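Visitor: Okay, predicted coordinates and the sequence, questions at the end:
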Amino acid sequence: MHQPAQLPLFSRFTLLSTAVFIGALSGCKAPETASTGNAATAGNTVAAAPANVAPAKPYTGENLVIGLYGSLTGSTATFGTSSQKGTQMAFDEINAKGAPLDKKLQLVTEDNGSKTEQVPAVVLKLINQNNVLALLGEVASSRSLAAAPIAQRAGVPMVSPLSTNPKVTQVGDYIFRTCFIDPFQGKVMAKFARENLKAQKVAILTDVANDYSKGLTQFFIEEWNKTDGKIVARESYSQDDKDFQAQLTKIKASNPDVIFVPGYYTEVGNIAVQARRLGLKQPLLGGDGWDSPKLYEIGGKAIQGAYFSTHYSPQSKDPKVVKFVGDFKKRFGTIPDANAAVSYDAAYILSDAIKRAGAPDRAKIRDAIAATKNFQGVTGTISIDKDRNAVKPAVVLKVQGNEGVYVTTVKP
Amino acid sequence: MEFLQQFANALTQGSIYALIALGYTMVYGVLRLINFAHGDIYMLGAFIGLFTAKLTGAFAASQNSVAVSPFATILIFIAAMLGSALVGMLIERFAYRPLRGAPRLTVLITAIGVSMLLEYGGQMAFSPDPQGFPALIPERNLVESDGFSLSLVQFVIVGAAFALMIGLQLLVNKTKVGRAMRAVSLDRAAASLMGIDTNRIIAFTFALGSALAAAAGVLNSIYQPSIDPLMGVNVGLRAFVAAVLGGIGNIPGAVVGGLLMGFAETATVAAGLSQYRDAVAFGILILVLIVRPAGILGRSVAEKV
């Protein structure tokens, strides 16, 4: 058997062109950075929207058609599916009790496959073909940032249930959210690490392909630098990575008191297992991106004792929460995670705003959402501030067994 | 000490790549085809392992922090390897064999189609969510000091990978079927005229490569216990680069290439450039294709499959 000294020219070409082709293929999995630069002003970001976005046609639908775009498949599928369940349950409840304007709320859902680059297409479809009255979504900040300029240009109110990156609502006056933003969440965890855990030295492991993770890191550091604590290591990974040994080895060498991992549940469980194996016994800290039952399934023993901030605790004794958790469990068989709870609240806030607007008119609905004050949701009392963000408390949970156990609530 | 730890990390990751790269290289050897579905066979191996673990109760035991019996672990490996070997043969039979005489580009596109079928079919069958994988090998450290720890899992991965690679080398060089594989690789028409059932040998090559990929899938899932239907995409591409790097069609080359990829990647991440991981992998690929298209071992080693 003889190996030719050189592949024939033909196969050299084939291989090289294959390599280029593969490069293009892997581009589909490119990092989800929808926008860069911290101070993207409203004008700038809108300018980045596709030029062909025309203002939406006046609303004429018989029902109140609301478009939900979310990640029903792909790497962060539980974000989308939980969100859809929460929204659908809220719509069904509202329709049963009598929807606003004596019409029915109707949900149209589009899947973006957890891919930022698919978001503009599905959002344009919802606006142009389904002629939706308003949009609900997304959970991931990168994907909300891809949709927001389109919604803003078309003049369709968009309520993101759970995108915590501040840039999302800076896009324009049609963009709202029903969750707290990362500066607050970063502050909560920095304070918690310093005051409750008495940590002096912190190591940070950031998902640099994710606007959410980068934002949370930035705001955590801002708050942490106000204390006397030190940052001993800053490492990074990219979404869909499976191997974190190299980063964790460096973190171990820096000997921190706590490790802040502001990523998504998809990677965090895996990170925890690999950290424990390397002998890192320090507590892990994170944000609401951890909040999924999958965290416990993947992390198992390794994730026990970790802390994360999130939007609500399903163990709350508040009768509203108890009823919501009970109804959700009866209908879907699982305990609702934060995505489901906040999406449920977002649906109610939108419905409430349509009622106060008094007509299926998008500008009026926008003004009504902006005027939301002291709305009693399952995730706390929600007011929309002048920056179109929700002002509401955060809770810190500790992982015990297969759930997050309530530790403390931090008010804004 | 940190260097030693990174070395162990790189060796473990490199062994996984090497196991997968072997499948690319063997199939290329017999068919001159880059089997792009190979990375997805790796994924399938992990999922078959997971389902076997659920059936044998190993999954439940692991979730309750009970040690999994070695018997179950071995059974899971065998099931994953056999199951994937079967799928590999089916893919060859129904996707590639009908195109045996077709232009190579046609087959290449078909391979990409099969890959997508497995990825998105996998999302439908297993749900797109990442899933946990049981700790089939007890979590304990063989060496543990301040700066360095070597876990049993890492030891088993490197040991098993090398055992499989040596076994493959023996099979290819010392057995009758191995000789047939080499003959098909050299000249399929002539081998056929000499009475070798080339279709059977090609099917066997697919089965062998797929079984190795499945072993890599299960090993890696124990090491990094989060599996999803798209897990084979990146790993598969890196292993493909490894195979080209070592010299595609060359078995020891795939091992060398896989290990080098492991080291290159760990070095990139340890230097704080984790986001350039793929850039480095494809940079290496392009460099190799320009400077030394036959790969590192492509020139000097005479034996190939």
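Guide: Alright, I've got the coordinates.
Visitor: What strand or helix carries A:Val268?
Guide: helix A:265-277 (DSSP states H and E).
Visitor: For that helix, the averaged confidence score.
Guide: Mean pLDDT, helix A:265-277: 90.
Visitor: Stretch B:33-53 now?
Guide: 93.
Visitor: Do any residues in that stretch lie close to chain A?
Guide: Yes. Stretch B:33-53 is in contact with chain A by C-beta under 8 Å from any C-beta of the partner chain, via B:Ile34. Just so you know, the C-beta spots here come from the backbone N, C-alpha and C atoms, and that holds for glycine as well.
Visitor: next one: stretch B:142-153
Guide: Yes. Contact of stretch B:142-153 with chain A (C-beta under 8 Å from any C-beta) involves B:144, B:147, B:149, B:151, B:153.
Visitor: Of the residues you listed, just the buried ones, ChimeraX syntax please.
Guide: To isolate the buried members of the residues of stretch B:142-153 next to chain A in ChimeraX, using 16 or more other C-beta atoms under 10 Å in any protein chain shown:
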select /B:149,151,153
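Visitor: After the least confident helix or strand in chain A by mean pLDDT, which helix or strand is next? Please name it.
Guide: Least confident helix or strand, chain A: helix A:42-47 with a mean of 38, by mean pLDDT, DSSP states H and E. Once helix A:42-47 ends, the next helix or strand along the chain (criterion: DSSP H and E) is strand A:64-70.
Visitor: strand partners of that next one, parallel vs antiparallel please.
Guide: Next to strand A:64-70 in the sheet, as set by DSSP bridges, lie strand A:105-111 (parallel), strand A:134-136 (parallel).
Visitor: could I get those strands as JSON lines with mean neighbour count and mean pLDDT?
Guide: Shown next, in JSON lines, are those (neighbours: other C-beta atoms under 10 Å in any protein chain shown; pLDDT from 0 to 100):
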{"stretch": "strand A:105-111", "mean neighbour count": "19", "mean pLDDT": "93"}
{"stretch": "strand A:134-136", "mean neighbour count": "28", "mean pLDDT": "94"}
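Visitor: Redo those as TSV? Include distance to B:Leu289.
Guide: Converted to TSV, those look like this (distance: least, C-beta to C-beta, whole Å):
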stretch	distance to B:Leu289
strand A:105-111	37
strand A:134-136	46
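Visitor: quick one, what contacts A:Met370?
Guide: Just so we're on the same page, residue A:370 is Ala rather than Met. A:173, A:176, A:384, A:388 (C-beta atoms under 8 Å, 6 or more residues apart in numbering or on different chains).
Visitor: redo that, cut-off 10 Å
Guide: By C-beta atoms under 10 Å, 6 or more residues apart in numbering or on different chains, the residues touching A:Ala370 are A:157, A:173-174, A:176, A:353, A:384-386, A:388.
Visitor: most neighbours, which of the residues you listed?
Guide: Neighbour counts for these, by other C-beta atoms under 10 Å in any protein chain shown, peak at A:Pro157, which reaches 29 neighbours.
Visitor: Would you quantify the distance from that one to A:Pro55?
Guide: 13 Å (C-beta to C-beta, to the nearest Å).
Visitor: Common neighbours of these two, please.
Guide: A:Arg362.
Visitor: pretty sure A:Leu350 belongs to a helix, no?
Guide: Yes. Per DSSP: H, G, I helix; E, B strand; the rest coil, A:Leu350 lies within a helix segment.
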